[in-house]
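*Asks:* Based on what follows, work out the 3D shape:
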Amino acid sequence: MSKLVRALVAMVLVLGLSGPSLAEAPPDMETLKAEVERYRAAFEEKAMRTNLFNAERIIKFASSDDPQMHQAAWGMFKGMKGQWDKKLGWEASPTQKALKELEAERATVTGLETPNDNDTYKKVSHAWSKYLGDIAYHLRTFCESGGDDTCPKAEEMRKEAFAKLGELYNHGLATPAITFDLLQDDVLDSQWDEIRKGLVDVDKAVPQLAEEKLAYWRGELKGGMEQYVKDNGSAMCQTISAPGGGKLDLGKLKQLYAASDKILVRCTFAGPPSTFKRDAKDYWRVRLRWAGRWEELALIYEIARPSNKETVEFSIPMSAIIAKINAKAKEGDFSYPGHWLRAEIGYVTPYIDRWEWQDGVKVPIYKHGQVAGTSFFARWK
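*Replies:* The predicted structure is shown next:
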C-alpha cells in the first residue's frame, strides 16, 4: 500500500471524513462499486477530474481484500455523496426524500416483534397506524394533483401496510392475552376501507368479541352491580336481555343485538340520580363508535323526574338508532357503511360549567357530564 493510499485511509478512519460511525458496517463491496461507478461515468463524461479521481480511488479501495480499505471506501463515499449529488444535479426531490423517510419507517415497523399481550399489541398497532397515516399524508400532499414516480411506490406501501394490519388483527383475535377492548375498534373499522375489506372476517370476529366481553363482565360482576359500584366508587351500566328488579342475573347480560331488537340498559349509581347536582334535565343519549371516535347521533331522551333509586333501567328500539343513522346519511352529515356497529347508551347530567358574554348577553356554558354508560354490538343491516 503506497504512502498516499495509507494517508487517505488514515484520514478517513481516524479523522472521520466519512461522517458515519466507524462501528457502522460497510455494505457489500460489489453493490458499493456499482453505485460509485454511476458517479465515475458521469464525472468522466463531464470532465470533472477531481471528482473522477476520488470516485476511481473509492472503487480501488472497494476492490481490495483489506477490510480497512472497505471501511475507507464506504466512509469516503458517504462523505462525498451529498456534494456529488449537488454537482451532478442528482439531489433528491422533496417527494423522494419523503419516500426515503417512509422506507426507513417501514423498516422499523416490519422489524417489530409479534405481539402476544396487550402492551405489545398497543405498541405495534400504534406504530403501524402511524406509518399508515404518514403514507396517507404523502399520497395526499404529493400525489393528488398528478404526483411523480414516488406515488406508485407509496401506494404499494399502503396496500402492504393494510395487509400487515389484517395479519395483526387476526393474530390478536387468535391470542387470548390480547383482549376485546383493544380489538373491537380495529375490527369494526375494517368494514369500510376499500383496501382493508376482507382482511378480517367481521361476521365471525364481532360475535367472538361480544362473547369475550360478556365473559369478562360476568367475572367482574359476580358480587352484583351494586357491590362493583361500591368497590370502585363509580357508577356503571350494562346492556341486558330482559328487565328485572333486585340483584342482576348475570345470565341476562347481553352484548349482541339484531336490527329488530330492543336495547335495554341497566345502570347502578353510587347514589340516587335525584341527588345529583344539575342545572338542566338529565337525559339518556346514544352515540355511535366510528373511526376511533364517538359520533353524536342526536338521540336524546330527557328524564322528567330523576329516580330516587340507585338502579335504573332504560330501553330504546334498535330501529330508532337505525332511523337516525339513515337520516344523518340523507342529510349528508356522515354515512356509516358497515353492517356491524358499536353504539353507546349513556346517562348524562348537565350542569353550568361557566358563564360567558355572547352578543352583550351573559349566557351559561353547560357541561354535559356522562355519569355512566355502556356500549354494545349490533348488526344493523
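
*Asks:* all contacts plus neighbour counts: C-alpha atoms, from now on.
*Replies:* OK.

*Asks:* what are the ranges of the helices in the chain?
*Replies:* In the chain, the helices defined using DSSP state H lie at 3-15, 29-45, 49-62, 67-88, 94-110, 118-138, 150-173, 180-189, 202-220, 225-232, 318-331.

*Asks:* Would you mind pulling the contact partners of the longest one?
*Replies:* Put plainly, it is helix 150-173. Contact with helix 150-173 is made by 95-96, 99, 115-116, 121, 125, 128, 131-132, 135-136, 138-139, 142-143, 178-179, 183, 186-187, 195-196, 199-200, 205, as judged by Cα atoms under 8 Å, 6 or more residues apart in numbering.

*Asks:* switch to 7 Å and redo it
*Replies:* Around helix 150-173, the neighbours that count as contacts under Cα atoms under 7 Å, 6 or more residues apart in numbering are Thr95, Gln96, Leu99, Leu132, Ile135, Leu139, Cys143, Ile178, Ile195, Arg196, Leu199, Val200.

*Asks:* then that helix to PDB, C-alphas only?
*Replies:* Provided in PDB are the C-alpha atoms of helix 150-173 (Å, rounded to 0.1, in the frame of the first residue of the first chain):
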ATOM      1  CA  THR A 150     -42.800   8.000  -5.800                       C
ATOM      2  CA  CYS A 151     -46.600   7.800  -5.800                       C
ATOM      3  CA  PRO A 152     -47.000   4.200  -7.200                       C
ATOM      4  CA  LYS A 153     -44.400   3.100  -4.600                       C
ATOM      5  CA  ALA A 154     -46.200   4.800  -1.800                       C
ATOM      6  CA  GLU A 155     -49.500   3.200  -2.900                       C
ATOM      7  CA  GLU A 156     -47.800  -0.200  -2.900                       C
ATOM      8  CA  MET A 157     -46.500   0.500   0.600                       C
ATOM      9  CA  ARG A 158     -50.000   1.500   1.700                       C
ATOM     10  CA  LYS A 159     -51.500  -1.800   0.400                       C
ATOM     11  CA  GLU A 160     -48.800  -3.800   2.100                       C
ATOM     12  CA  ALA A 161     -49.300  -1.900   5.400                       C
ATOM     13  CA  PHE A 162     -53.100  -2.700   5.300                       C
ATOM     14  CA  ALA A 163     -52.300  -6.400   4.700                       C
ATOM     15  CA  LYS A 164     -49.900  -6.400   7.700                       C
ATOM     16  CA  LEU A 165     -52.600  -4.700   9.800                       C
ATOM     17  CA  GLY A 166     -55.000  -7.500   8.800                       C
ATOM     18  CA  GLU A 167     -52.400 -10.100   9.900                       C
ATOM     19  CA  LEU A 168     -52.100  -8.100  13.200                       C
ATOM     20  CA  TYR A 169     -55.900  -8.100  13.800                       C
ATOM     21  CA  ASN A 170     -56.300 -11.800  13.100                       C
ATOM     22  CA  HIS A 171     -53.300 -12.600  15.300                       C
ATOM     23  CA  GLY A 172     -54.900 -10.500  18.000                       C
ATOM     24  CA  LEU A 173     -58.200 -12.300  17.600                       C
END
